[in-house]
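Visitor: Quick one, what's the 3D model for this:
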Amino acid sequence: MIYQDFVVLAGFILIYSLFARKIEQAAVSGPVLAVVIGLVTGPLLLNLFNFKMTGEGYRILVELALALVLFTDAAATNLKILRKNIAVPARLLLIGLPLTIVFGVIAAFMIFNGFSWIEVGLLATMLAPTDAALGKAVVTNPAVPSKIREALNVESGLNDGISVPILFLLIALVATETVGTVNLQFGLALFAKQIGIGLAVGLGITFVSDKLIRIASRNNWIARSWKPIVIIALAFFCYNTAQLLGGSGFIACFSGGLLYGFVNKKHKLDLLQAAEGIGDTLSLTTWGIFGAIVIPTFLRQFTWDILLYSILSLTVIRMMPVLISLINTGLSLKEKLFMAWFGPRGLASIVFAILVLEVHLPHKSTIILTVVCTIFMSIIAHGITAIPFIKSLHKSES
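Guide: Reported below is the predicted structural model:
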């Protein structure tokens with residue numbers, strides 16, 4: 001029954017909200033707890049939570065959760081610190097991200113028999129972006145040096161948007177009868193369109209909206225009960241407008257959030273806090289459904305090669321490119337290893353997997369299974385290690 005599903009979901013969110021501060025300081029993160037609750041209450045065990053949702057519906061939920069998290073995290077970014085250390089996130093995005101895809105392609109070719117170069121490219125691209133929601137325990141923790149927090153925040157905010165045109169290009173190659181009909185010029189144009197429209201929409205809408213918000217606030221037109229809605233509506237407006245125009249909604253949300261945080265240094269927290277809570281709620285809902293429905297559907301289909309690639313994706317494929325990109329940055333080895341490890345996979349990879357479900361590929365099921373397995377392992381591994389690793393890094397900095 002739908003009411004039973006909502007009883008379980010609402011009950012979990014209620015209890016979590018009551019102990020959120022304690023949970024966020026514990027060794028187990030919110031997403032880990034949501035997935036575990038989903039597994040326990042789902043069809044695999046108690047069968048109390050059996051939420052019926054189409055792939056399209058789940059994709060929309062994930063996209064909205066990610067859009068809101070990206071906007072609020074970007075708005076909370078300390079731009080003064082970011083400007084001082086801009087070279088680090090720039091290296092992560094311009095060197096680390098491409099190398100991660102390259103390493104992912106090489107590993108996929110070595111592990112999976114019979115995969116075409118497009119299939120290994122899709123798999124590597126789907127698992128290249130890091131997750132802003134899963135990484136929140138790190139990027140919001142004051143015990144982590146601010147230069148590391150801001151770098152990881154910008155990386156997770158932009159790498160999914162940068163990966164989108166690469167994914168769409170590979171999907172376009174699959175859709176064409178002759179690969180040669182899609183050339184380099186087409187790929188560059190697609191990349192520029194996704195990034196350019198995303199930036200233009202995010203910055204344009206946020207600039208105009210900020211003016212309207214200021215006027216409304218100055219004249220006391222915004223009712224207290226509607227203040228939490230302002231940022232939520234702005235983030236969703238940025239995302240969906242960019243998507244409608246053919247750009248990257250993720251880029252739009254993050255760039256819009258950065259601009260909003262920059263022009264509203266004094267008053268942004270008043271509107272941001274409630275929006276952050278809604279974003280966290282959507283994320284927990286996403287992970288609860290992931291644990292209850294998605295994991296039980298695929299769990300018994302994980303094979304040794306899928307497990308091996310998932311482990312490599314979270315370690316060598318992610319960590320080596322990051323360490324290479326951070327050469328000569330002045331960071332200590334412990335700081336570099338910390339940044340290399342905290343590259344959780346999550347919401348963006350789920351969105352990419354649902355998009356690839358619509359594509360005809362010979363090894364599509366293996367690709368989807370690998371993405372699901374990697375996300376599941378990432379939730380557990382990064383969720384459990386976040387607090388201990390932060391404490392260890394903090395001690396070394398003291």
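Visitor: where does this structure dip in pLDDT?
Guide: 27, 175-184, 266-268, 395-398 (pLDDT under 70).
Visitor: try 50
Guide: Flagging of the chain using pLDDT under 50 yields the residue ranges 177-178.
Visitor: Need the residue closest to the centroid of it.
Guide: Computing the C-alpha centroid of the chain and ranking residues by CA atoms, centre = their mean puts Asp131 first, at 2.9 Å.
Visitor: In three-state terms, label that one for me.
Guide: Put simply, Asp131 is coil when judged by DSSP: H, G, I helix; E, B strand; the rest coil.
Visitor: Could you measure from it over to Ala252?
Guide: As judged by CB to CB, to the nearest Å, Asp131 and Ala252 stand 18 Å apart. C-betas here are computed from N, CA, C, even on glycine.
Visitor: So Phe49: helix, strand or coil?
Guide: Following three-state DSSP, Phe49 is assigned to coil.
Visitor: tally of neighbours for it?
Guide: By other CB atoms under 10 Å, the residues close to Phe49 number 25.
Visitor: Pull up the gap between it and Gly288, please.
Guide: From Phe49 to Gly288 the distance is 7 Å (CB to CB).
Visitor: list residues touching both of these two?
Guide: Common contacts of Phe49 and Gly288 (CB atoms under 8 Å, 6 or more residues apart in numbering): 9, 38.
Visitor: hang on, the residue nearest to the centre of the chain packs against Arg345?
Guide: Yes - between Asp131 and Arg345 there is a contact under CB atoms under 8 Å: 6.0 Å.
Visitor: All the helices of the stretch 201-350 of the chain, in order from the start?
Guide: In the stretch 201-350 of the chain, the helices defined using DSSP state H, counting those that start in this stretch lie at 227-244, 249-263, 268-289, 295-298, 304-314, 316-325, 333-341, 347-356.
Visitor: To Gly202, which of those helices lies closest?
Guide: Ranking these by proximity to Gly202 (CB to CB) places helix 249-263 first, at 3.5 Å.
Visitor: In the closest one, which residues are buried?
Guide: Across helix 249-263, burial judged by 16 or more other CB atoms under 10 Å covers 249-261.
Visitor: out of the residues you listed, who's nearest Val35?
Guide: Val35 lies nearest to Phe250 out of those, by CB to CB, at 22.8 Å.
Visitor: Now that closest one. Nearest residue, chain neighbours left out?
Guide: Leaving out its chain neighbours, the residue that sits closest to Phe250 by CB to CB, 6 or more residues apart in numbering is Gly161, at 3.8 Å.
Visitor: same thing with Phe298?
Guide: With CB to CB, 6+ apart as the criterion, Phe298 has its nearest non-adjacent residue at 4.9 Å, and that residue is Val372.
Visitor: What about the one you found, how many residues nearby?
Guide: With other CB under 10 Å as criterion, Val372 counts 23.
Visitor: hang on, it packs against Ile295?
Guide: Yes - counting by CB under 8 Å, Ile295 is a contact partner of Val372 at 7.3 Å.
Visitor: follow-up on the earlier one: quick one: which of the buried residues of helix 249-263 is nearest to Val201?
Guide: Ala252 (4.6 Å).
Visitor: contacting residues around the residue nearest to the centre of the chain?
Guide: Asp131 neighbours (CB under 8 Å, 6+ apart): 156, 344-349, 378.
Visitor: Any quick PyMOL command for the buried ones out of these?
Guide: A single PyMOL command suffices to select whichever of those are buried according to 16+ other CB under 10 Å:
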select buried, resi 156+344+345+346+347+348+349+378
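Visitor: follow-up on the earlier one: gap between the residue nearest to Phe298 and Phe12?
Guide: To Phe12, Val372 is 22 Å away according to CB to CB.
Visitor: Asp73 now?
Guide: Asp73 is 23 Å from Phe12, by CB to CB.
Visitor: go on, Asp270?
Guide: Distance from Asp270 to Phe12, by CB to CB: 28 Å.
Visitor: Asn47 too?
Guide: Taking CB to CB, one finds Asn47 at 16 Å from Phe12.
Visitor: out of these two, which sits in the more crowded spot?
Guide: Comparing Asn47 with Phe12 by other CB under 10 Å, the one with more neighbours is Phe12, at 19 against 11.
Visitor: and that one, what element?
Guide: Assigned by DSSP states H and E, Phe12 falls within helix 2-18.
Visitor: in the helix or strand following that helix, what's buried?
Guide: Going down the chain from helix 2-18, the next helix or strand is helix 20-24, by DSSP H and E. Neighbour-count burial for helix 20-24, counted by 16+ other CB under 10 Å, picks out 23-24.
Visitor: name the helices or strands packed onto the helix or strand that helix 20-24 is followed by?
Guide: Tracing the chain past helix 20-24, the next element assigned as helix or strand by DSSP H and E is helix 30-41. Here helix 30-41 touches helix 2-18, helix 20-24, helix 268-289, helix 295-298, helix 364-397, going by 3 or more CB pairs under 8 Å, 6 or more residues apart in numbering; DSSP states H and E.
Visitor: If you count neighbours, what's buried in the first one?
Guide: Looking back up the chat, that one is helix 2-18. For helix 2-18, the neighbour count (16+ other CB under 10 Å) marks 5, 8-9, 12-13, 16 as buried.
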